[in-house]
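Asker: kindly return the folded structure for what I paste below:
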Amino acid sequence: MMICSSCGREFEASSDTESLCLAMLGGIALRQPAEPVPGRLQRLFESPSIVLIALNTLVYLIMAWQARSFLTFSPELLLNWGANAGALTSRGQWWRLLTSTF
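Answerer: Model (predicted):
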């Protein structure tokens, strides 16, 4: 007979390494909430890099659809989507410094 290290009750152990009785093992299992395993899509969107790549790809595809071309874009289209132009940036459109990096 073994003595439970948690509650002090005697219990029959199947091996010498067991230190908790079945009542305590069941209580431990009940106290620890099961953590849900995140799905594959949820794990992908937890990464900021993947989210940024997905957003950049989406914007590129929308721009390509508007330009009717996947390789060349007109200057007007690029300016409409936030390209940096010195004259516009110096006139207060400071956000073009950030949007042009993407």
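
Asker: quick one: low-confidence parts of this structure?
Answerer: 26-35, 37 (pLDDT under 70).

Asker: cutoff 80 now
Answerer: Applying pLDDT under 80 to the chain flags residues 1-8, 11-41, 43-45.

Asker: any chance you could map the strands in it?
Answerer: Along the chain, the stretches classed as strands by DSSP state E are 2-3, 10-11.

Asker: center of the chain, which residue is that?
Answerer: Centroid-nearest residue in the chain, with CA atoms, centre = their mean: residue 46, separated by 0.2 Å.

Asker: doesn't residue 38 make contact with that one?
Answerer: Yes - between residue 46 and residue 38 there is a contact under CB atoms under 8 Å: 7.4 Å. Just so you know, the C-beta spots here come from the backbone N, C-alpha and C atoms, and that holds for glycine as well.

Asker: what sits against the residue nearest to residue 3 when sequence neighbours are not counted?
Answerer: Nearest residue to residue 3 in three dimensions, chain neighbours excluded: residue 10, at 5.8 Å (CB to CB, 6 or more residues apart in numbering). By CB atoms under 8 Å, 6 or more residues apart in numbering, residue 10 lies in contact with 1, 2, 3, 4.
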